[in-house]
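1. need the 3D shape of this:
(chains A and B)
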Amino acid sequence: MSRKTTILTLIVLVGLAGGCANQDQTSPAEEAWSELIEAWNGLETAEEKATLAEDYLAEFPETEHSGSMAGAVVYYRGHEMEDPQGAFDVLAPVLEQIEDPEQRFSVGMEILSLADSVDVPLNLADVANGLGAHRPLTYSEHEQVFVTAIDLEEWMVADEHSLAALEISTPEAYQADYPDREFSDEDLAERVRRRQATALAYDGWANYNMGDTELAFARFAAADDIGSVSYLGVPNTPLYTFWGRAALSEGDIDSAIEMLGAEAAFGEEGSDAEIYLREAYGTKNGDDEGFDEFMWATRNELATEVDDFALLDYEGNEISLVDVSTGKVTLLAFWFPT
Amino acid sequence: MELPRLQPLYEQYREKGFEVIAIEAKRDTERATKFIEENGLTYTMLENGEESDEIVGSIFKVRSFPSSFLIDRDGKVMYFHLGFEAGDEEHLEEQIKTLL
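-> Now for the predicted structure:
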């Protein structure tokens, strides 16, 4: 599971927790859930959190919280405690007891994220089709499936679901996914572009691995044209990692270095871009001597000059970036209290 | 939340020319000020603006939290971080030392 997915899973978990804490306590499962939420914030270790989630699943395997609790087991026992087999052994019997297609899907997808580490007798296509037979999948569900499919190298499943995701990457569908939120037209358009570019990038990589190089590069170019890029100028998707790797395999070393270099310098941390950049650099130069200097030069060359801004502090003073940061090394951090 | 992990780095490197600016994106003033006080955070804390003064999404295109940019002495953004987990301080400290 990528680092980003892990973080998002946690945000979802905390979000669910916050949203559900004040509901009426109408059933034993909801009552136990409220107690769990109360206890959760006092827990410190991964083992305590994993155990609490496991106890809840053992007693109430099939509730609307099954997916988030399974996610907690995967995260805390599987990743933090580095015991993916233990997490799988807990979750597999839980899945057996769940009949509702929605909950089977969410728990099944969590279990599949352990597949790199344990021998998982679960079929991704079955998990997705189980929910798909019940109702059409949302964009986020398709995305969960195609990201997992790429991890598991199930290229045809990835192709099918990335195309289905692309088809429903519209402003209307996005708004329908977040009925309670208001987006400006500009913000909504950017969120939709990001979905389209993501689906195209993954579909390109699936097709590349299925041997359709021409279609793959057409998909990459289409994703690039959509132009969903971060403040630092790199795509908000794994496009440059996929495209760069494909270019490297095709022997187009200069293109590979250009794309992987930008991604390695300013993309999401924990991507594989630097690994393949090193390989491309080695191919071009005979060995990887001087790679660190090259990486530093690339970073300097591509770096964005930060925009100045002014905001209020909590005493009501207007503070601009240059007031604080001129001549300094500055960490500009974005946060919100949870 | 991860902001308290920045406090020791700020205290350690401030004299050498390191600053931290944290921007609270959602204008949740009450919880933000409580959090800042409870955790004894002394670096620059700002609140995102409203509408045309909103900058987190419109200028910096940040949609995932927490995330951060590390800016060098010349105002160039040299490193990007998404998330801030236990152990990331060491990585960040290396980058700060490289830029100082």
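
2. any low-confidence regions in chain B?
-> B:1 (pLDDT under 70).

3. which residues in it form strands?
-> B:18-24, B:44-47, B:67-71, B:76-82 (DSSP state E).

4. to residue A:230, which of the ones you listed lies closest?
-> strand B:76-82 (7.4 Å; CB to CB). Quick note: C-beta positions are derived from backbone N, CA and C, even for glycine.

5. that closest one pairs with which strands, parallel or anti?
-> For strand B:76-82, the paired strands and their directions (DSSP bridges) read strand A:304-305 (antiparallel), strand B:67-71 (antiparallel).

6. buried residues in that strand?
-> B:76, B:77, B:78, B:79, B:80, B:81, B:82 (16 or more other CB atoms under 10 Å in any protein chain shown).

7. turn those into JSON lines, including distance to residue B:26.
-> As requested, the buried residues of strand B:76-82 are arranged in JSON lines below (distance: CB to CB, whole Å):
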{"residue": "B:76", "distance to residue B:26": "28"}
{"residue": "B:77", "distance to residue B:26": "23"}
{"residue": "B:78", "distance to residue B:26": "27"}
{"residue": "B:79", "distance to residue B:26": "24"}
{"residue": "B:80", "distance to residue B:26": "21"}
{"residue": "B:81", "distance to residue B:26": "19"}
{"residue": "B:82", "distance to residue B:26": "17"}
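
8. what is the nearest of these to residue B:20?
-> residue B:81 (12.7 Å).

9. what bridges to the residue nearest to that closest one when sequence neighbours are not counted?
-> Distances taken as CB to CB, 6 or more residues apart in numbering or on different chains put residue B:68 closest to residue B:81, at 4.8 Å, once the chain neighbours are dropped. Beta-bridge partners recorded for residue B:68 (DSSP bridges): residue A:333, residue B:81.

10. measure residue B:68 to residue A:251 for me?
-> Distance of residue B:68 to residue A:251, given as CB to CB, to the nearest Å: 37 Å.

11. so those two - more neighbours on which side?
-> residue B:68 (25 against 9; other CB atoms under 10 Å in any protein chain shown).

12. ok, now which ones touch residue B:95?
-> B:70, B:78, B:79 (CB atoms under 8 Å, 6 or more residues apart in numbering or on different chains).

13. include distance to residue A:81 when you put the residues you listed into CSV, please.
-> Converted to CSV, those look like this (distance: CB to CB, whole Å):
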residue, distance to residue A:81
B:70, 31
B:78, 34
B:79, 29
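
14. burial of residue 83, as a residue count?
-> Because you didn't say which chain, this covers chain A. By other CB under 10 Å, the residues close to residue A:83 number 19.

15. chain B, not that one
-> 21.

16. ramachandran angles for it?
-> phi 80, psi 160 (degrees, to the nearest 10).

17. surely it meets residue B:67?
-> Yes: taking contacts as CB atoms under 8 Å, residue B:83 lies within contact range of residue B:67: 7.2 Å.

18. not counting residues beside it along the chain, what's closest to residue 46?
-> As the question left the chain open, I've gone with chain A. residue A:80 (3.6 Å).

19. that was the other one, I meant chain B.
-> Using CB to CB, 6+ apart, the closest residue to residue B:46 is residue A:311 (4.1 Å).

20. which residues does that neighbour bridge with?
-> Beta bridges link residue A:311 to residue A:319, judged by DSSP bridges.

21. got a pLDDT number for it?
-> Note on residue A:311: pLDDT of 96.

22. all helices of the stretch 1-150 of chain A, in order?
-> Counting by DSSP state H, counting those that start in this stretch, the stretch 1-150 of chain A has these helices, from start to end: A:3-20, A:28-40, A:46-59, A:66-72, A:84-96, A:101-112, A:124-132, A:139-151.

23. do chain B as well
-> Assigned by DSSP state H, the helices in chain B fall at B:6-13, B:29-38, B:88-99.

24. tell me which strands and helices the helix or strand residue A:214 falls within is in contact with?
-> Assigned by DSSP states H and E, residue A:214 belongs to helix A:213-226. Judged by 3 or more CB pairs under 8 Å, 6 or more residues apart in numbering or on different chains; DSSP states H and E, helix A:213-226 is in contact with helix A:185-209, helix A:239-249.

25. return the most buried member of these.
-> Highest mean neighbour count of the helices and strands packed on helix A:213-226: helix A:239-249, a mean of 24 (counted as mean count of other CB atoms under 10 Å in any protein chain shown).

26. quick one: it to helix A:185-209, angle?
-> 20 degrees (axes from the mean of the first three to the mean of the last three CA atoms, to 10 degrees).

27. I'd like the next helix or strand past helix A:239-249.
-> helix A:253-266.

28. helices and strands around the helix or strand following that next one, which ones?
-> Next along the chain after helix A:253-266, taking DSSP H and E as the criterion, comes helix A:273-285. Counting contacts by 3+ CB pairs under 8 Å, 6+ apart, helix A:273-285 packs against helix A:239-249, helix A:253-266, helix A:291-302.

29. can you list the buried residues in helix A:273-285?
-> Neighbour-count burial for helix A:273-285 [16+ other CB under 10 Å]: A:273, A:274, A:276, A:277, A:278, A:279, A:280, A:281.

30. OK, contacts around residue A:142?
-> A:161, A:162, A:164, A:165, A:168, A:199.

31. disregarding residues adjacent in the polypeptide, which is nearest to the spatially most central residue of chain B?
-> The centroid of chain B falls nearest to residue B:22 when counting by CA atoms, centre = their mean (3.9 Å). Distances taken as CB to CB, 6+ apart place residue A:333 nearest to residue B:22, at 4.5 Å, with adjacent residues excluded.

32. would you mind measuring from that neighbour to residue A:232?
-> Shown here: residue A:333 relative to residue A:232, a distance of 15 Å by CB to CB.

33. before I go, just wanted to say thanks for your time.
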